[in-house]
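K.L.:
sharing a sequence plus its predicted fold:
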Amino acid sequence: VAPPFGRAPGPSDARRTQRGAFQDGARAEGGGRELVRPRTSAKEPPAAPPLVARTLSSHQVAGPVWNLGRLNHVAIAVPDLEKAKAFYENVLGAQVSEAVPLPEHGVSVVFVNLGNTKMELLHPLGNESPIAGFLQKNKAGGMHHICIEVDDIKAAVMDLKEKKIRSLSEEAKIGAHGKPVIFLHPKDCGGVLVELEQA
Ligand SMILES: C[C@@H](C(=O)O)C(=O)SCCNC(=O)CCNC(=O)[C@H](O)C(C)(C)COP(=O)(O)OP(=O)(O)OC[C@H]1O[C@@H](n2cnc3c(N)ncnc32)[C@H](O)[C@@H]1OP(=O)(O)O
């Protein structure tokens, strides 16, 4: 059965492999691809198991299972929401929404529909907006975060915590699309603020 999302092999692959599906000459599931190991002759010693299987002993418990999905949106912080909206709508010819206030996130948002993904134009709302500091440093605005879907946000956060990737809140909040979201610290994600959204 194909996994729900195409992705690079992860810890859950190690577990699937460990379950013993990877026999000499047999086909085994591996991140949606079929892996085939050539048969060895009877005289040759059996080939070593794959590296991922060797890293987990039979009594070790692997981390929670979750999968990364599609890019949900790219968010741009903008100093003038109407001007930015007009640029995407009138200059680039994109379909854009009206401005939506999201007081619980401290932002007003305009959605730009790109067919294969979306953009979110973010403007500060209220005194405590988390994007106010960003716009002070980047007066003309700029890319603020990317949002990637996951199939199990709780499992993702637990797993990432074990890998020392900090979440920016204790719990997921309901995001702009009515689904649970959580942000990961940009310093732990290669300088990019990453939002995970439950698909
Ligand atoms: C509606 C919802 C949705 O889509 O569903 C949303 O979008 S809500 C969108 C708005 N909500 C959020 O962004 C929530 C998560 N964000 C936060 O908690 C915050 O904005 C932080 C990311 C922690 C930044 O906080 P703050 O601006 O107070 O701290 P700061 O200026 O001292 O930044 C700490 C360090 O992180 C860097 N930094 C700050 N913002 C960054 C960003 N967007 N991308 C990459 N790096 C960033 C700074 O340059 C600094 O690095 P240096 O120390 O090297 O100078």
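P.N.:
All right, it came through fine.

K.L.:
how about residue 107: what's its closest non-neighbour residue?
P.N.:
residue 122 (4.8 Å; Cβ to Cβ, 6 or more residues apart in numbering). From N, CA and C alone the C-beta is placed, and that goes for glycine too.

K.L.:
please apply the same query to residue 164.
P.N.:
residue 188 (7.0 Å).

K.L.:
distance of that neighbour from the ligand?
P.N.:
10 Å (Cβ to the nearest ligand atom, to the nearest Å).

K.L.:
and residue 96, how many neighbours?
P.N.:
When neighbours are defined as other Cβ atoms under 10 Å, residue 96 has 19 of them.

K.L.:
who's it bridged to?
P.N.:
Residue 96 has these beta-bridge partners by DSSP bridges: residue 112.

K.L.:
read off the pLDDT value for it.
P.N.:
pLDDT for residue 96: 98.

K.L.:
quick one, what contacts the closest residue to the ligand within the chain?
P.N.:
Closest residue of the chain to the ligand, Cβ to the nearest ligand atom: residue 175 (2.7 Å). For residue 175, the contacting residues are 105, 147, 181, 195, 197, by Cβ atoms under 8 Å, 6 or more residues apart in numbering.

K.L.:
swap the cut-off to 10 Å and go again
P.N.:
72-73, 102, 104-105, 109, 120, 147, 181-183, 195-198 (Cβ atoms under 10 Å, 6 or more residues apart in numbering).

K.L.:
and if you look at residue 140?
P.N.:
By Cβ under 10 Å, 6+ apart, the neighbours of residue 140 are 77, 78, 79, 80.

K.L.:
now with 8 Å?
P.N.:
By Cβ under 8 Å, 6+ apart, the contact set of residue 140 is residue 79.

K.L.:
quick check, it in a strand?
P.N.:
No: counting by DSSP: H, G, I helix; E, B strand; the rest coil, residue 140 falls outside a strand, being coil.

K.L.:
gap between the residue lying closest to residue 155 once chain neighbours are set aside and residue 159?
P.N.:
Distances taken as Cβ to Cβ, 6+ apart place residue 64 nearest to residue 155, at 3.6 Å, with adjacent residues excluded. Residue 64 sits 5 Å away from residue 159, going by Cβ to Cβ, to the nearest Å.

K.L.:
re the thing from before, I figured the residue nearest to residue 164 hits residue 168, correct?
P.N.:
No: the criterion here is Cβ atoms under 8 Å, and residue 188 misses it with residue 168 at 10.0 Å.

K.L.:
and the residue nearest to residue 107, that's in a strand?
P.N.:
Yes: the assignment for residue 122 (three-state DSSP) places it in a strand.

K.L.:
show me where the chain dips below the pLDDT cut-off.
P.N.:
Applying pLDDT under 70 to the chain flags the ranges 1-63.

K.L.:
tell me where it has helices.
P.N.:
Here the chain has its helices, by DSSP state H, at 11-16, 51-54, 81-86, 132-137, 153-162.
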